[in-house]
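Colleague: Need the 3D shape of this:
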Amino acid sequence: MTFLVTGATGTVGRHVVDELVRGGHRVRALTRRPERAGMPAGVEVVAGDLTVTDSLRAAFDGVTGVHLINFGGDDYGLLRNGQEIVDLAVKAGVLRVTVLGGWDEGTLEPAVKASSLGWTYVRPTEFMSNALKWAEPIRTEGVVREPFGDATTAMVHEADIAAVAAAALAQDGHRGRTYGLTGPERLTTRDKVRVIGEAIGRAIQFIELSEQEAREKMAAEGQPQELIDFLIGVFGNVPEEPNIVNSNVEKVTGRPARTFAQWAAEHADAFRP
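Modeller: Here you go, the predicted structure:
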C-alpha cells in the first residue's frame, strides 16, 4: 500500500510522513516545491498543487490512502476545487482519506463526506506550534505582547494530530469518524508564556495589549484584515466546545497527548537568544 500525504512539508504533514514511515508504509509526499522538501529516505516526493486539480493526477496514481488538507496556495485559503479532488481520488481507486480541517469546511469536506471514500475528519484545536510566533520577541526582548491574557485553549501538539491522521489511514476502525483533538490541559495565554520561560530558564514578561493595540500590531506586521478580524474574534471569545479537553489522541494512538511543557522543551532553542 502507498499513502499520499498532501501538505507534506507543513507543520502537521511532515509528522504524518514520519509516522507512516515509522509504521513501515510506502509514502508519497506532495509538495509545490520538491527541491525544498527534505523528506526522509525512501519517501517518494512528487510535485503538485492542491489548488490545481490537473497537477494531482500522477500523485494519486496507485495510492491506497490520502491525507488531505482543506486549504492550499500561497494564501492558505480554503480549497475551491474540493469536489474535483474527490472525483480524482475516487477514479484513482483511493480507499481511505483523512482530512485535516480548520475552522471552516470549504468545499472539500462536504465532497468527501458525500463520496464513497472511507473518510476520517481530524479537527484539532489550537496548534502548539502557534507559539513559535513569539520566538523572535522572546529571543530579542524577553517579552510577549498579546491581547486576551486570560484566553484559554487546550492546545494540541502537531505530532499528536499527525499520529491520529496516520493511524486513521493505516488502520481499520476509523471510517466515518470525526476526531476533535486537544492537548491534556487548558492553558491561558499567560500560562503558555510562563511555560516557555520555564523551558528556557528565563523569565518572560507578558504585556497585555488592548484589542485596538493588537489590531494595530498585526496590521503593522502585514496581516490581512480578514485574518486580524478572525484572530480577534476567536481569542476574544474562545469557542468552548473545541477546547474541552478530551482523550481522543490516546484513544486512537494508545498514548496520552503531549503537554505544552513537552512541546516547549522540544522547541526551546527557538526561543533562546
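Colleague: from here on, contacts and neighbour counts on C-alpha atoms
Modeller: Will do.
Colleague: On the three-state scheme, Val99 is what?
Modeller: strand (DSSP: H, G, I helix; E, B strand; the rest coil).
Colleague: Tell me if I'm right that it and Gly118 touch.
Modeller: No. Between Val99 and Gly118 there is no contact under Cα atoms under 8 Å: 11.0 Å.
Colleague: in the stretch 101-250 of the chain, which ranges drop under the pLDDT threshold?
Modeller: Flagging of the stretch 101-250 of the chain using pLDDT under 70 yields the residue ranges 103.
Colleague: what ranges do the strands span in it?
Modeller: Remark: strands assigned in the stretch 101-250 of the chain by DSSP state E, counting those that start in this stretch are 118-124, 143-146, 152-153, 177-181, 187-188, 205-208.
Colleague: How many residues are close by Ala270?
Modeller: By the criterion of other Cα atoms under 10 Å, Ala270 has 15 neighbours.
Colleague: what comes into contact with the helix or strand hosting it?
Modeller: If you go by DSSP states H and E, Ala270 is part of helix 268-271. Helix 268-271 has contacts (Cα atoms under 8 Å, 6 or more residues apart in numbering) with 132, 134-136, 138-139, 196, 199-200.
Colleague: and of the strands of the stretch 101-250 of the chain, who's closest to Leu227?
Modeller: Proximity to Leu227, assessed across the strands of the stretch 101-250 of the chain by Cα to Cα, is greatest for strand 143-146 (15.4 Å).
Colleague: Report the distance from the closest one to the chain centre.
Modeller: Strand 143-146 sits 23 Å away from the centroid of its parent chain (Cα atoms, centre = their mean, to the nearest Å).
Colleague: So which elements touch that strand?
Modeller: Contact partners of strand 143-146 among helices and strands, from 3 or more Cα pairs under 8 Å, 6 or more residues apart in numbering; DSSP states H and E: helix 135-141, strand 205-208.
Colleague: what about 10 Å?
Modeller: The contact analysis (3 or more Cα pairs under 10 Å, 6 or more residues apart in numbering; DSSP states H and E) places strand 143-146 against helix 135-141, helix 189-200, strand 205-208, helix 211-220.
Colleague: Identify all contacting residues around it.
Modeller: With Cα atoms under 10 Å, 6 or more residues apart in numbering as the test, strand 143-146 has contacts from 133-138, 189-190, 193, 203-211, 213-214, 217.
Colleague: where do the helices sit along the protein?
Modeller: Assigned by DSSP state H, the helices in the chain fall at 13-22, 57-60, 82-92, 108-113, 135-141, 158-170, 189-200, 211-220, 225-236, 248-253, 260-266, 268-271.
Colleague: Could you single out the most deeply buried of those?
Modeller: Most buried of the helices of the chain by mean neighbour count (mean count of other Cα atoms under 10 Å) is helix 158-170; its value is a mean of 25.
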